[in-house]
Every structure is written in structure tokens, then in C-alpha cells.
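Trainee: Kindly return the folded structure for what I paste below:
(chains A and B)
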Amino acid sequence: MKQRDPELLLQHAPFLRQGMTTPTAMGDVLIALTPATLAGLWYFGISAVLVIGASIAGAVLTEIAFIGTERRGESLLDGSGLLTGLLLGLTLPPGLPMWMAFLGGVIALGLGKVIWGGLGNNLFNPALVGRAFLLATFPIAMTTWTTPDEAFWTFRATNFDIPFTYTEVDGITAATPLGLMKFEQQVMPLSNLFMGSTSGSLGETSGLLLILGGIYLYIRRDLDWRVPVSILLTVLVFSATLGLFDSERFPTPLFSVFSGGLLLGAIYMATDPVTSPTTPTGTWIFGIGIGLLVVLIRVFGGMPEGVMYAILLMNAATPLIDRFTQPRVFGHMRGDND
Amino acid sequence: MINLNPLSLFSGSFRHGVHPEHLKAQTQDLPIQRVPFGSNYVMPLGQHIGVPCKPMVKKGQRVRRGEQIASAGGFVSIALHSPVTGVVKEVGEFRTFDGNFSQAIEIEADAFATQEPNIGPAIDWESMNIEQFIQAVQGAGIVGLGGATFPAHVKFSIPEGQRIRYLLINGAECEPYLTNDHRLMLERPDALLMGAEIVRQKLGAEETVIGVELNKPEAIEAIKARIQPGDPVRVVSLEAKYPQGAEKMIIKTIFDREVPAGQLPRDVEVNVNNVSTIVAIADYFDHGMPLIERIVTVSGPGVGYPANLIVPLGTPVREVLKFCGGLKDETMEVIMGGPMMGRPIASLDAPVVKGCSGILAFTEGQTLKRKEFPCIRCGRCVEACPYFLNPARFARLSRARMFEEMKDYFVFDCVECGCCTFACPSAIPIVQLIRTGKDQLRNTQASAK
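Mentor: Numbering: from 1, shown residues only, chains lettered A, B, ... in the order given. Take a look at the predicted model:
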């Protein structure tokens, strides 16, 4: 009997792989952010679509423009540019002019990712690089918050400012919970923070939905649980400790966790694998560092919010943390590594 | 895979590693069968790690099954025996499974022979001293049958001043798909215990410890049922986790001792052998049967009838597959060994060798044609590496051709178990890059000498 031989592939072991791939991990993050994004739409209406859309467009177009044609397909395929644009959009105020959001997306991808050599090589979280640029360049627009209770189709006029102009608005602005706390000593009820009916960035207002997305990522094993857990625990403990000294002046621990961009930052930005340490010990140090910096900046800094700077500063420390937390190699003495 | 359970850090097992699916259901309940004798056998002279054997037969010479056909080429080498009764057809170059050529002896089986083995009586091992024992094991052609094929007698040669306290028998079988050790433990526990007792006494060890992964409860029970009270033997169940069967990992799991880098198990007073190796030793001392056949698991979705088979060494892979109903048309890949550390078979005409624990045929569903993405520094490889190395860094350094730096980060401690590559979401061929680095370093070292 003549047996027909199939054409055999010659590949290298291991022949089995676990299920997750980089594009599915990015896709999972997009799915996890969907509820919070929809909440942004619910509370801030059409403005949310415009701002987030402009930021995504800026990010993705920059990626297309700067990645060489031969690698363009795969670079877009991994979904990381889209994710950067979405994350940036979620940290922006609803009334931001679209051209600013677009520019933010361009800077996030251009200065945050492409010039470092593309995905995997950047030191800082690209979305936060974009936001830091916007906050430094357009401080008023970036801190003008509008109330979430407009009707869905009500446009915020400033969204349509023509490029390089900005209309100062008054009357419809509303301070964020952290701003109220810092400058007017008013405390927002926790239920509002939990559900999201406060003013703030598009994606940061609903603690509940952000946590749900985080749980989804944990179940899908896309998320290093140590990062959000260490950040949030540090913020809780540090706030509680400060509260012992002056409970009037310092926010309560739960308020600290649910207000501002802490949950968005802790669950979706600090966990960016590229810019966080690879070793488990390093991850704990990274998270604790962010937690301490967040509380310090919020309480003693000139601005009400500090999550962005806390993460960017710890991003900068990541290579050093990695270097000093390499585990002891099996069968070697501690210290052989150096 | 990231270990999500913080408590598991404190369990008895080694740390890190991965949890691939076991995939053993296809063959774990199938009794071991014997493959009928065929017509042509090719015995490569280098089926083991070390110096190749020296042929003792000439073209046209008649040989009987079990008769020695090649002698050891040095101390780290072994004797080779004919798997069949027949005529030497050729002594020359033959293709091996990886597509390279190797010196081999081709034997044409005698179609009219009964294939009764030409073997001696039981061997009086009790009166042997350790040197005679080592020579006997070398003369029986026995190598580590877990896959490494390191000559067994070399492991039994303990230098002056060292001693062995524990004989550790490795029945972990952590590779997915493979069930040959499982079936052997289940079907021949007496032979296993006999071989263990011979080796334990000759090495002067205090106790025999048999380590078996928890996913083989019947095997654990079968061995336990044969142990008499007072025997210096104990069976330890191990967490089913890859690479539990790696020598240094199983020692860590059972004795909580780390073999220092660059040293051997004997440096922590342990001698480790695979169950198949121990049974081969029992077969030799019990009825003089040298290593001329081995148990092979034939499995995977590309195989018609998966099986656990006793295969005479030198049988073409094609014949073994034919006995199992042939390859399905949609087969895309055939590998020798387990899916984590096995190697692809380039030619189905290549012979089964001593290190062949499995023949697996994969179809499209298992075949990986995954697209590679950039490293996103997720750290999954770092959390998978049982040696606590940093595989991602090795991959990066290897691509940058910075091989000397790889050495500084202990690349030679890597055993190429493949956990990092299994865990990598970006499908980076980390193990291959590490191998490249090691090869380059060895070449530079060799040319410097």
C-alpha cells in the first residue's frame, strides 16, 4: 500500500501555547472599557463622542503616518494605537475643543510611542504623555469641567472651536469632586462617585463600571492584579493615616479611591505591561509608589488631581525597579546576579 | 500563565512553571501493545548523548535479536544491540528524524525467524561490585529514557567522597499527550520496584522515592499496592504542572533542595532516573534483555488509532504510524517526543530511537502558525521560568547578537523547557533565540581554544 505523505511542517518546540495573544489582550482591554465609555456617553452626551473620536483619530492617524508601510498592517492589527486614543479620550473633559483632543492623540502616539520604536519600547504610558502635553499647553481648557446633566444632543459649544482658538466659557462649568474637596471643602456623596453622576473626565466618573471592567480583565488573565491592588491599598492606608491627623482637611479613604481618575489610572493605565515592571516584587514597589505619589500630590500639590503625574513618575522609575528586583536565579546565591 | 493564586507560593511544589492542558485522555486507558516485526531496521550509532558507538558487524553478517552489534565508543557511550534477527544490509550514512545524516547499521529482518531474543540468563547482580554493575549497565545499552538519552551508567558513577542518599524515580511525565510512563507504572509495578531495588542497593542509597504527578492516580495506587511494609520505598504524588519532571525541579519539589547551578543531582545526594530507565535495568538483570525496544505513545489528532506501543528500536516512524491506522490527510506536523520539548520529524522513514517517548501528529487545530508581535514586557515569561531567569531579556539580547551578555545573565542555566515560549502572548520564539545564543557562545568558546 502506498501511503501518501502529507507535507510536514518543521517548527520548533513548544508546540503548545496558552491561549492569549497580544491582539486579544488589547481587544479585552477595549471590551473592558466599553461600559465606562458608554457611561461617559450617557452622562456627557454627544460631546463624549466628539472628544473621544477626535483623540482616537489623532492617535490612529499618527500611527499610520509614522509606521513604515511594510509594518503598518501588523502595527494597526495589535490594536494598541486605538487603545491609546481611547484611554486618552477618557481622561479629557467633555467640553474640550476637538482640535485639542486630536492634537493630544497625535502627541500621545508620536511622542509617547512611535519615537521610542513602537509598541513595547516606550518608557512612558502614551495616553498619559498626550494628557500631560494637553494639560501643560491648554491648562484652562483642560480644567474646565461641565456638568453631566445636559440633554444628550446638547453640544458643548467649545467642542467646535476652530483650531488654535478657544472660547472661554462661564456659567456651565462645575468643579470636579476633587476640586470641590480641595478648594471648597465640600464632600461629594460616595453614591454619586460610584455611579458616575459627577463632573469630571469622560471616563473617570463611574467607579462601579471601571471596577467591573477590571474584574473582567482579571478573569481573562490580561491584568496583573498586583498593580491595582497595591495602588488602591496604598491610597486607602495612606489616606486613613492622614485622616488620623486632621479628618476635616484630608479626604476619607473611600473618597480618595473613588474620586478623580484613580480607578481609571490604577486599573487601565498603570497596568500597561510595557511601562510597568516585569518582576512581581517590582510590581508591588511600582504600585505602592503610585499610591503614595497620588495622595501626596492631591493633598499637598497645587492641583486637585495627581494620578497622571504619579503614574508617569513611576514609569520613569520602572527600568531601575526592574533592575534591582530581578529574582535570584535557581541554584544561585543571592547577589550572583549583579 | 500567570499564577493567580497567591497561596500557591507556599505549596510544596517548585515555583513558577506553566499548566498546559494534559491531553492524555486519548491514550491513558489503552494497554501497551506490541508492534509486529517489520522488514527493515536502522540503528543509528548516536542515539545517546556522548561518543557514538563503534560498529562490530559487517555487511552481510547474520545477527540475532538482542545480539551486540556495536560497542561503546568511550566512557560516555554505550553498547548497541540488534532489535531483530536478520542480516546486516548496510553500515553507512542514514537519515535521522531531524533530516541530518548519521552513521547507522541497517538490518533486514529475517522473515522466517521467530524473533526469540538471543539473551542470557538472569544476572547475579547481588554479588556484583559497583564497577561491575556500571559496566553491565553500559553493556546493556541503557540510557535515560525520559528523553535526554544520557547514558545511565555515567549517572551511577559516583566520584570518591560523594554518596547518594536517595534514589529518586521520576514518574512525573509532565509532557502533555505522553502516557508511556503512566502505562508502564500501571502495568509493570513489580519490574519497576525490582529495578529500583537493584539500583538503590548498588548505589548504597537509604531510600527510593517514586514521584508521580497527581493526574495518574491509578499508577500511584498500582505501585503502592506492591510495596511491602518495611520496604525502603515511598511514592510521592506531585502537583500536575510543567516541568515537574525536570530533574532539578522534581528534586526541589520532593526534597525542597536546589541543585546549585552547574552541579548535578549527586551534589545534593540524589540520583534521578526515569521509570522506563529503571524498568529497562530490571529487564536486563532479570532476564538479560538489553535495550532493544521502548514504549512509545502514538497520539494526537492526526493519528487514526492512538496507542501505547512497544516498538523495536530502528523501526521506521512510518511503520509505527501505519500500525496506528496511518496519518490522517489533514496532518500537518509530526513530532518526536512531547509537545513541549519534542522535535519535528522531517522524514517518516527515519527510525525510532532510544529517546523517542512519543510520536505525535498534529492537524491544523494544533499547528501554530501564529503571527509574532513585539514584546510588550508583560512579564509572563518571567513568571513562567522555573529557573527564575529573564527569558524576554535573553530574546532581546540574542536578536541584538549580544551573546556575551546572555552568558552574564546565566543563559547556560536554561534547560530549554519552553515555559517562556508557551506563555508568551506575542508568539516570540524565545527558546529558539536562547538556543541560538548558546550555540554562538559554544562556537566562540570552541574556536578560542
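Trainee: any idea which helix or strand comes after the lowest-mean-pLDDT helix or strand in chain A?
Mentor: None of the helices or strands of chain A scores lower by mean pLDDT, DSSP states H and E than helix A:69-77, at a mean of 62. Proceeding N to C from helix A:69-77, the next assigned helix or strand is helix A:80-90, under DSSP states H and E.
Trainee: neighbours around B:Lys407, how many?
Mentor: Residues within reach of B:Lys407, counting by other C-beta atoms under 10 Å in any protein chain shown, total 16. Placement of C-beta: from N, CA and C, glycine included.
Trainee: Please name the residues that touch it.
Mentor: B:Leu441 (C-beta atoms under 8 Å, 6 or more residues apart in numbering or on different chains).
Trainee: quick one: it from B:Leu441, how far?
Mentor: Per C-beta to C-beta, to the nearest Å, B:Lys407 is found 6 Å from B:Leu441.
Trainee: what's the answer for B:Glu364, then?
Mentor: Relative to B:Leu441, and taking C-beta to C-beta, B:Glu364 is found at 37 Å.
Trainee: Comparing the two, which residue is more hemmed in?
Mentor: Under the criterion of other C-beta under 10 Å, the comparison of B:Glu364 against B:Leu441 puts B:Leu441 first, with 16 against 12.
Trainee: any bit of stretch A:271-288 sitting next to chain B?
Mentor: Yes - taking C-beta under 8 Å from any C-beta of the partner chain as the criterion, stretch A:271-288 and chain B are in contact, through A:273-274, A:276-280, A:283.
Trainee: The closest residue in space to B:Gly288 that isn't next to it in sequence: how many residues sit nearby?
Mentor: Excluding the flanking residues, the one nearest B:Gly288 by C-beta to C-beta, 6 or more residues apart in numbering or on different chains is B:Gly120, at 3.6 Å. Residues near B:Gly120, counting by other C-beta under 10 Å, number 12.
Trainee: Torsion angles phi and psi at B:Gly120?
Mentor: phi -80, psi -180 (degrees, to the nearest 10).
Trainee: next one: B:Phe362
Mentor: phi -110, psi 140.
Trainee: List the residues that contact it.
Mentor: Counted by C-beta under 8 Å, 6+ apart, B:Phe362 has contacts A:15, B:300-302, B:331-335.
Trainee: Ok, A:Ala310 next?
Mentor: A:265, A:289-291, A:293-294, A:297.
Trainee: For the stretch 151-300 of chain B, which segments count as strands?
Mentor: B:166-171, B:207-213, B:233-238, B:270-274, B:293-299 (DSSP state E, counting those that start in this stretch).
Trainee: For the last one, what does the pLDDT average out to?
Mentor: Same thing as strand B:293-299. Confidence for strand B:293-299, expressed as mean pLDDT, is 97.
Trainee: Contacts for that strand, please.
Mentor: B:23, B:26-27, B:32, B:83, B:145, B:177-181, B:183-184, B:276, B:280, B:306-313, B:320-321, B:324, B:352, B:354, B:356-360.
Trainee: so who does the closest residue to B:Val296 other than its chain neighbours touch?
Mentor: Leaving aside its chain neighbours, B:Val296 sits nearest to B:Val311 (4.8 Å; criterion: C-beta to C-beta, 6+ apart). By C-beta under 8 Å, 6+ apart, the residues touching B:Val311 are B:35, B:293-296, B:320, B:352, B:356.
Trainee: just those residues now: which is nearest chain A?
Mentor: Of all those, B:Val320 has the smallest distance to chain A: 12.3 Å, by C-beta to the nearest C-beta.
Trainee: my read is the closest one is in a helix, agree?
Mentor: Yes - membership of B:Val320 in a helix is supported by DSSP: H, G, I helix; E, B strand; the rest coil.
Trainee: number of nearby residues for it?
Mentor: 23.
Trainee: how about the helices in the stretch 201-338 of chain A?
Mentor: Taking DSSP state H, counting those that start in this stretch as the criterion, the stretch 201-338 of chain A carries its helices at A:207-219, A:226-245, A:253-258, A:262-264, A:280-300, A:307-324.
Trainee: Which one, of those helices, ends up nearest to B:Ala246?
Mentor: helix A:280-300 (21.6 Å; C-beta to C-beta).
Trainee: Show me what the closest one is packed up against.
Mentor: On a contact count with 3 or more C-beta pairs under 8 Å, 6 or more residues apart in numbering or on different chains; DSSP states H and E, helix A:280-300 meets helix A:226-245, helix A:307-324.
Trainee: need the longest helix for the chain.
Mentor: Using chain A here. helix A:22-44 (DSSP state H).
Trainee: Switch to chain B, please.
Mentor: From DSSP H, the single longest helix across chain B is helix B:430-448.
Trainee: For the closest residue to B:Leu441 other than its chain neighbours, list the residues it contacts.
Mentor: Counting by C-beta to C-beta, 6+ apart, B:Phe403 is the residue found nearest to B:Leu441 once chain neighbours are left out, at 5.2 Å. With contact taken as C-beta under 8 Å, 6+ apart, B:Phe403 is in contact with B:397, B:437, B:440-441, B:444.
Trainee: Can you select the buried ones among those residues for me in ChimeraX?
Mentor: Applying 16 or more other C-beta atoms under 10 Å in any protein chain shown to these, the buried members can be selected in ChimeraX as follows:
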select /B:397,437,441
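Trainee: Throw the contacts of B:Phe403 into a markdown table and include pLDDT, thanks.
Mentor: Formatted as a markdown table, the contacts of B:Phe403 follow (pLDDT from 0 to 100):
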| residue | pLDDT |
| --- | --- |
| B:Leu397 | 96 |
| B:Gly437 | 96 |
| B:Gln440 | 95 |
| B:Leu441 | 95 |
| B:Thr444 | 91 |
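Trainee: Below-threshold pLDDT in chain B: ranges please.
Mentor: Scanning chain B for pLDDT under 70 picks out the ranges B:1-12, B:366-369.
Trainee: Now do the same contact list for the residue positioned nearest the centre of it.
Mentor: By C-alpha atoms, centre = their mean, chain B has its centre lying nearest to B:Gly147, at 1.5 Å. B:Gly147 sits next to B:337-338, B:341, B:355, B:357 when contact means C-beta under 8 Å, 6+ apart.
Trainee: if we can go back for a sec, dump the strands of the stretch 151-300 of chain B to a markdown table, plus mean neighbour count.
Mentor: Shown next, in a markdown table, are the strands of the stretch 151-300 of chain B (neighbours: other C-beta atoms under 10 Å in any protein chain shown):
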| stretch | mean neighbour count |
| --- | --- |
| strand B:166-171 | 26 |
| strand B:207-213 | 23 |
| strand B:233-238 | 19 |
| strand B:270-274 | 24 |
| strand B:293-299 | 26 |
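Trainee: can you tell me which of those comes nearest to B:Val76?
Mentor: Ranking those by proximity to B:Val76 (C-beta to C-beta) places strand B:270-274 first, at 16.6 Å.
Trainee: End to end on stretch B:403-418, go ahead and measure it.
Mentor: 20 Å (C-alpha to C-alpha, to the nearest Å).
Trainee: So which bits of that stretch are buried?
Mentor: B:403, B:405-407, B:409-411, B:413-418.
Trainee: returning to what we had before: so the longest helix of chain A versus helix A:80-90, what angle?
Mentor: 20 degrees (axes from the mean of the first three to the mean of the last three C-alpha atoms, to 10 degrees).
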